[in-house]
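In: show me the folded form of this:
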Amino acid sequence: MSLAKLVKKEVMAVLKSPAFIMGLVFMAIYFVALGRMVGVATEQVVREAVEAPVGVIVEDEDYFTARVVYTVNASLKGRLIAVRTIEEGVRKFSVVISIPRGFGASLLGPNATAFVNGYVAIDRASAFQQARAGVVTAVARALGETAKLLVAIERGVNISELNKVVVARVETRVGGRVVNLEALSSLFGSTMMFAVFIGILAMMTLMYSAQAVASEKEEKAFEMLLTLPVSRSTIALAKIAGAVVISVFMVVIYFAGFSYMMSAMPQVDQTTGATTFTWSLWDLVTYLGSSGVSLLVVSLGLMLLFSGALGLLIGVLSSDTRVAGALAGPIGAVLYVGLIATQFIGVPLGIEASLLGATVYGLPLAIVVASVSGDETIALLALLLSIAVVATILTTVVKVFGSERILIGVSIRRRPK
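Out: Residues are numbered from 1 along each chain as shown. Predicted coordinates:
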């Protein structure tokens, strides 16, 4: 038999598998729905930056300030809406800008720099929330450009001869707490990178544990393993532990290589000339503190137990390695991509974030949300949900291992004609 025929035989054996076809259909539906959700979240951020109203508090009673604000508001199609206090503005709008006293006088001076205060309300843990600070910067830039234009017209000079700059000082608020925007941005970026690596780790654990059982069943070595004077639950735990050790070893190598690559690509701050790196997991550790890091370590352990047990369940219920791979691959991809996509869609900074614990993979994100919002109840409820889910699947695995069905597995086949 030629090489081409052997390759065709192997490919057709997989393509004809109902489990493989069902996995493809499920993944197609899942990724289409997920892509749509991410698209809607992205559109919302863009719409917010372009169309969302902005609360404005004008403390300066200077006539020139009134002219600048009126002109900018006209160019923004009435997006600037007056509010009386910062608290009222933050309740109504995601962005509030306060124009302090002396703003107009500063702009009328030679080569002047004026300041505005921006207040950004963060209500979701998302990679896009920091974009709201860009709204404050954009409005400040518009105020500066408009001031230059009005002064040039009033004095009859060339606008290029004027140097009027409006600098925005941004304050970020989560609920009633004031947080540092740079620290929050770094936290969300570090959380994203952490999710990438732990997602890979958990997905590899799932795949290894599923293939470990399925391959032994194909080689007829599994029956001999069950005859050893060891309980079946011990065999199950040993296979989970083995899959975890292999996965951790591989991901540590990947992480070390990736960290070195990122450290070789510094990012230069154009304003200060200082060199900073694009992300750092140390920022995540620093922000969470000892208690948060401890919870993060526990969440990692629960994810590995869950992945190993789920993979083991797939392996014992599969008739061969093809079926195990066809089931474990899509399930692992759904959990992993869902973990990453959740951070683009955004998680509310409220008690509802604790529901992430039911997926186990979302537990680390729930812990970060609890730290940002200052509500430890979120992390506690999410942890309890994850423990309940992991305990349930471990109990299921032990029961399945104790039955004789483990030797046969479940084979999905077409009904013969």
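
In: for the residue of the chain most remote from its centre, give its distance to T172.
Out: Distance from the C-alpha centroid of the chain peaks at G156, with 52.3 Å (Cα atoms, centre = their mean). To T172, G156 is 42 Å away according to Cβ to Cβ, to the nearest Å. Yep, even glycine has a C-beta here, placed from its N, CA and C like the rest.

In: what comes up buried for stretch 208-223?
Out: 208-214, 216-217, 222 (16 or more other Cβ atoms under 10 Å).

In: over to stretch 334-347?
Out: Using 16+ other Cβ under 10 Å as the test for burial, stretch 334-347 gives 334-340, 342-347.

In: helix, strand, or coil at Y119?
Out: Secondary structure, DSSP: H, G, I helix; E, B strand; the rest coil: Y119 is strand.

In: which of the helices or strands spans the nearest residue to it once chain neighbours are set aside?
Out: In space, and not counting its chain neighbours, Y119 is closest to V96: 4.3 Å by Cβ to Cβ, 6 or more residues apart in numbering. Using DSSP states H and E, V96 sits within strand 95-99.

In: mind checking how far that strand is from the chain centre?
Out: Its chain's average C-alpha position is 29 Å from that of strand 95-99, according to Cα atoms, centre = their mean, to the nearest Å.

In: show me the contact partners of that strand.
Out: 52, 54-60, 65, 69, 80, 83, 86, 89-90, 116-121, 132, 135-136, 139-140, 143, 168 (Cβ atoms under 8 Å, 6 or more residues apart in numbering).

In: which PyMOL command selects the buried ones in these?
Out: Of these, the buried ones can be selected in PyMOL as follows, counting by 16+ other Cβ under 10 Å:
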select buried, resi 54+55+56+57+58+60+65+69+80+83+86+89+90+116+117+118+119+120+121+132+135+136+139+140+143+168
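
In: out of the contacts of strand 95-99, which are inside helices?
Out: Those of the contacts of strand 95-99 mapping onto helices are 65, 69, 86, 89-90, 132, 135-136, 139-140, 143, per DSSP state H.

In: how about these in CSV, adding pLDDT and distance to L300?
Out: Output for these, formatted as CSV (pLDDT from 0 to 100; distance: Cβ to Cβ, whole Å):
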residue, pLDDT, distance to L300
T65, 90, 54
V69, 91, 51
I86, 86, 40
G89, 87, 40
V90, 84, 36
R132, 78, 31
V135, 86, 36
V136, 87, 37
V139, 89, 42
A140, 90, 42
L143, 90, 47
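
In: cool, thanks, signing off.
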